[in-house]
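In: from the sequence below, what's the structure:
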Amino acid sequence: MMQRVWCRVWSNSSTLRLFFSITTIAITAVSVVFLQTLPVRSIAQPADRQFQEQLPALQIHPLPSQLKQWQDNRQGNYFAAIQSTPVGFLIWSRFPIRVFVEPPSQMPTVDRSQDWVDAVAQAVQEWQVYLPLERVNSQEQADISIWRSTPPLRQSNSQTTVGNNQGLRAQAAETRYELFVDRSTVPAILSHRFTVRLRSGQTKAYILASARHELGHALGIWGHSPSPTDVMYFSQIRNPPAISERDINTLKQIYQQPTRLGWSVSGK
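Out: Take a look at the predicted model:
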């Protein structure tokens, strides 16, 4: 299994911003590889020391109510496969988590954009059982923005190519996060926001499966399950599963870990 992390770094005198993404590469109509990520530090070494000096200490947030009530049913989890980041685990601490879904076009029956919206909205509702989520009407209000667009092409190689084909390959989805200092609160806190891009022109079932998976990343599961019975399995399968007990066991353990997100950066 190929492993890759995409990372871009912007910095100036007052801000250091890191962007990372988990990429989904389409292999065939029913086979999509969700690429796992290498440890972020190995990619972001040049900025790592400077960035770490600006961060709050690692601390643990209280569990949100739904996860606090969730009982581990001894089905296990895949927490060992989840990647930490320079800011710890990607945990939300202010609720509800605000989600923007790109609205349908002016010709939804022609481009089937309403089907895309309906599938993504269903995925949001399914995850809402386990974390407080709220649909909002604009990107500016959102913690997670989900767009109906095709992610940029990536160069394929022998590990991501079917047969002997070479060249650029289309991606079905991409999830990316950005770190920033939220100064709308007092004191200012270290925050993050996610952008999810889901390609249209697929069946509603396929879009729903992709949206479930990408939302799992955006809610904190920054890694993949080795089991095809879990939503966060690294590859798309013919009959995609619903959110599993193992998915939620893993999510709960993630939210019990320390993070720098959501904590004060006053005096930094």
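In: please make it C-alpha for all contacts and neighbour counts, starting now.
Out: Fine.
In: just confirm residue 215 is within a strand.
Out: No - under DSSP: H, G, I helix; E, B strand; the rest coil, residue 215 sits outside any strand and is assigned helix.
In: quick one, what contacts it?
Out: Listed by C-alpha atoms under 8 Å, 6 or more residues apart in numbering, the contact partners of residue 215 are 123-124, 127, 196.
In: quick one: it from residue 265, how far?
Out: 27 Å (C-alpha to C-alpha, to the nearest Å).
In: quick one on the thing from earlier: of all the contacts of residue 215, which two lie farthest apart?
Out: Greatest spatial distance among these (C-alpha to C-alpha): 127 and 196, at 15.2 Å.
In: neighbour-wise, which of these two wins?
Out: residue 196 (25 against 17; other C-alpha atoms under 10 Å).
In: rewinding a little: can you tell me which of the contacts of residue 215 are in strands?
Out: Using DSSP state E, the subset of the contacts of residue 215 located in strands is residue 196.
In: out of the contacts of residue 215, who's nearest residue 66?
Out: residue 127 (10.8 Å).
In: how about residue 57: what's its closest non-neighbour residue?
Out: By the measure of C-alpha to C-alpha, 6 or more residues apart in numbering, the closest residue to residue 57 outside its immediate chain neighbours is residue 260, 5.9 Å from it.
In: count the neighbours of that neighbour for me.
Out: Neighbours of residue 260 using other C-alpha under 10 Å come to 24.
In: check contacts around it.
Out: 55-59, 87-88, 190.
In: next, format these as JSON lines and append pLDDT, secondary structure and distance to residue 222.
Out: Listed next are these as JSON lines, based on pLDDT from 0 to 100; DSSP: H, G, I helix; E, B strand; the rest coil; distance: C-alpha to C-alpha, whole Å:
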{"residue": "55", "pLDDT": "85", "secondary structure": "coil", "distance to residue 222": "20"}
{"residue": "56", "pLDDT": "94", "secondary structure": "coil", "distance to residue 222": "21"}
{"residue": "57", "pLDDT": "94", "secondary structure": "coil", "distance to residue 222": "21"}
{"residue": "58", "pLDDT": "96", "secondary structure": "coil", "distance to residue 222": "18"}
{"residue": "59", "pLDDT": "97", "secondary structure": "strand", "distance to residue 222": "18"}
{"residue": "87", "pLDDT": "94", "secondary structure": "coil", "distance to residue 222": "13"}
{"residue": "88", "pLDDT": "96", "secondary structure": "strand", "distance to residue 222": "11"}
{"residue": "190", "pLDDT": "96", "secondary structure": "strand", "distance to residue 222": "18"}
